[in-house]
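Peer 1: heads up, no residue letters with this:
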Ligand code: FAD
Ligand code: NAD
């Protein structure tokens, strides 16, 4: 039997490492068990960070190729894929090392190996060399994250048929890529490979893209991506895949019924969602039962077993790094006897394409379904001075406010760097702000953020800027 801890966290992703750091800050004796060779989980190793590194680099290549000439800059850019992949790996290494440093700084221990619950207050860790150690702890936090959902009949081999992890390391650039799933991963990584030269076709089961986002934004976004060269086949299901040495033949058919067709691709990206990861976790030793989708339910991060907590992708709510991080802090604060809380009504979502898409709060579809009376304010980037001088013409900001109280209920935007702008509406909502609060806040000129203010002014019909 090894040391006794206040809290042992299983999983070292944004949920796990932030929990360990917060525990250290609050003076709890904390350890995080991680089986990967590096800290940071899906997000830092094979998710948020490497995908944003590839999105940034490929966006710059496309900008240099298509936009510099009109600014009076003559260049002939050439793709150096090995270097682009290398800079991505360097960002990952820098950030995963940074997490290790933060853990040490906050006196949290990284126990390397596979963690499993071995009974109430007991965590067993199997190291790479096969040795097993049993640890005692007052609290266990499950933060084991998620993994790509499989698609029956389309088996991932990370060569011809890849999931997001394989799609972050392709070489050479495929001539033709078929993406299954028009969600966030499909559209972000599909954009990367289109910019690098692939012909990209997206097959989606539903009759729309990015389910969960506001419908008007999704339609406008699909139109822009189509103009950029991405092809879409909506309301279509994939029924099978055959892999050969040279590529993949996919069989697809309309969801509503109809004759099957085949699609040829060099590479197929399966991006049909993610599912909670609980393999070998020993949930049965304490009697925790995940739901039908594998999700571990929680009540303020408490599982059904006293002293066992759960946060991040493996539990309910959106599978986002910042949601996992907020839950980590709140969960540890509750363990420490403080008042931890997460406001699930104000968790922003972002798609880091060009233009970007960002949202927070309710969509128009949700408000209609709930029978809430609301007002809409809208402002296009074509009328924003900063966007105009930067030749950024795509997109708009839309704000939804309660028709009676003017309280902001949701904000949805597509446009340049809206990932950096959504926070303003998130803060306004967190403070219970009204659209008039944003409309009467002075914003610097010329900035893209003026579009936020103008959208709020639009709620009462006094939008001004041209
Ligand atoms: P994870 O990050 O999945 O971490 C769980 C960790 O637990 C893993 O490292 C795993 O090895 C470890 N583990 C599991 N079981 C055990 C065990 N038994 N013993 C020891 N260790 C174990 N979100 C955003 O907010 N913004 C983005 O831009 C974004 N981009 C993404 C891009 C891609 C391609 C992908 C795939 C995801 C992206 N996400 C993004 C989602 C984000 O990565 C997740 O929401 C986030 O990582 C969830 O954090 P987590 O701590 O719950 O789990
Ligand atoms: P997703 O849920 O965003 O999209 C999956 C898409 O696949 C949906 O449109 C769905 O209708 C479609 N689909 C499902 N089954 C299908 C089938 N059989 N055939 C065709 N289409 C099918 O999931 P994702 O894009 O895989 O991303 C997984 C998670 O990772 C998301 O929850 C997201 O929050 C997170 N993520 C976030 C970011 C970000 O914040 N920028 C980036 C990447 C991933």
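Peer 2: Structure's in. What do you need? These numbers come from a predicted model, not from an experiment. Ligands and ions are numbered 1, 2, ... in the order given.
Peer 1: Give the burial count for whichever residue of the chain sits closest to ligand 2, as a bare number.
Peer 2: For the chain, the residue positioned closest to ligand 2 under C-beta to the nearest ligand atom is residue 183, at a distance of 1.7 Å. C-betas here are computed from N, CA, C, even on glycine. Residue 183 has 21 neighbours, counted by other C-beta atoms under 10 Å.
Peer 1: ok, it to residue 331 distance?
Peer 2: Distance of residue 183 to residue 331, given as C-beta to C-beta, to the nearest Å: 27 Å.
Peer 1: Can you list the low-confidence ranges for the stretch 1-150 of the chain?
Peer 2: Regions of the stretch 1-150 of the chain meeting the criterion pLDDT under 70 cover residues 1-3.
Peer 1: just so I have it, where are all the helices in it?
Peer 2: Using DSSP state H, counting those that start in this stretch, the helices assigned to the stretch 1-150 of the chain run over residues 14-25, 41-46, 48-66, 81-105.
Peer 1: which residues touch the second one?
Peer 2: Contacts made with helix 41-46 from outside it, assessed by C-beta atoms under 8 Å, 6 or more residues apart in numbering, are listed as 11-17, 34, 36, 38, 47, 49, 92, 95-96, 99, 145-146, 164-165, 168, 313, 321, 324.
Peer 1: Check the offset of the helix or strand harbouring residue 192 from the chain's centre.
Peer 2: Residue 192 belongs to helix 184-195 when elements are defined using DSSP states H and E. Computed by C-alpha atoms, centre = their mean, to the nearest Å, the separation of helix 184-195 from the middle of its chain amounts to 13 Å.
Peer 1: same thing with stretch 342-355?
Peer 2: With C-alpha atoms, centre = their mean, you get 8 Å for stretch 342-355.
Peer 1: Just the buried subset of the contacts of helix 41-46, please.
Peer 2: 11-17, 34, 36, 38, 47, 49, 92, 95-96, 99, 145-146, 164-165, 168, 313, 321, 324 (16 or more other C-beta atoms under 10 Å).
Peer 1: re the thing from before, quick check: which of the helices of the stretch 1-150 of the chain is nearest to residue 420?
Peer 2: Nearest of those to residue 420, taken as C-beta to C-beta: helix 48-66 at 12.8 Å.
Peer 1: quick revisit: near ligand 1 too, which of the contacts of helix 41-46?
Peer 2: Cross-checking these against ligand 1 (C-beta under 6 Å from any ligand atom) gives 11-16, 34, 36, 47, 145-146, 164, 313, 321, 324 as the overlapping residues.
Peer 1: Show me which of those residues is closest to residue 357.
Peer 2: Compare each of the ones next to ligand 1 among the contacts of helix 41-46 with residue 357 using C-beta to C-beta and the shortest gap goes to residue 321, at 16.9 Å.
Peer 1: Residue 47 is in contact with the closest one, correct?
Peer 2: Yes: judged on C-beta atoms under 8 Å, residue 321 makes contact with residue 47 at a distance of 7.4 Å.
Peer 1: Kindly provide the distance from whichever residue of the stretch 201-350 of the chain sits closest to ligand 1 to residue 331.
Peer 2: Closest approach of the stretch 201-350 of the chain to ligand 1 (C-beta to the nearest ligand atom) occurs at residue 312, with a separation of 2.2 Å. Taking C-beta to C-beta as the criterion, residue 312 is separated from residue 331 by 10 Å.
Peer 1: When these two are compared, which one has more neighbours?
Peer 2: Neighbours of residue 312 and residue 331, each counted by other C-beta under 10 Å, are more numerous for residue 312; the result is 34 against 30.
Peer 1: how about the more buried one, phi and psi?
Peer 2: Reported as degrees, to the nearest 10, the phi and psi values for residue 312 are phi 80, psi -160.
Peer 1: show me the residues around it that make contact.
Peer 2: 11, 13-16, 143-145, 323-324, 327-328.
Peer 1: And for residue 61?
Peer 2: If you count contacts by C-beta under 8 Å, 6+ apart, residue 61 has them with 77, 79, 195-196.
Peer 1: would CSV of those with neighbour count and distance to residue 237 be doable?
Peer 2: Output for those, formatted as CSV (neighbours: other C-beta atoms under 10 Å; distance: C-beta to C-beta, whole Å):
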residue, neighbour count, distance to residue 237
77, 13, 38
79, 16, 34
195, 26, 28
196, 20, 28
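Peer 1: So what are the sheet partners of the top strand by length along the chain and their directions?
Peer 2: Of all segments of type strand in the chain, defined using DSSP state E, the longest is strand 132-142. Paired with strand 132-142 in the same sheet, following DSSP bridges, are strand 4-10 (parallel), strand 122-126 (antiparallel), strand 308-310 (parallel).
Peer 1: As JSON lines, those with mean neighbour count and distance to ligand 2 would be great.
Peer 2: Listed next are the strands paired with strand 132-142 as JSON lines, based on neighbours: other C-beta atoms under 10 Å; distance: least, C-beta to the nearest ligand atom, whole Å:
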{"stretch": "strand 4-10", "mean neighbour count": "24", "distance to ligand 2": "20"}
{"stretch": "strand 122-126", "mean neighbour count": "20", "distance to ligand 2": "27"}
{"stretch": "strand 308-310", "mean neighbour count": "25", "distance to ligand 2": "17"}
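Peer 1: now those in CSV, with distance to ligand 1?
Peer 2: As requested, the strands paired with strand 132-142 are arranged in CSV below (distance: least, C-beta to the nearest ligand atom, whole Å):
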stretch, distance to ligand 1
strand 4-10, 5
strand 122-126, 8
strand 308-310, 10
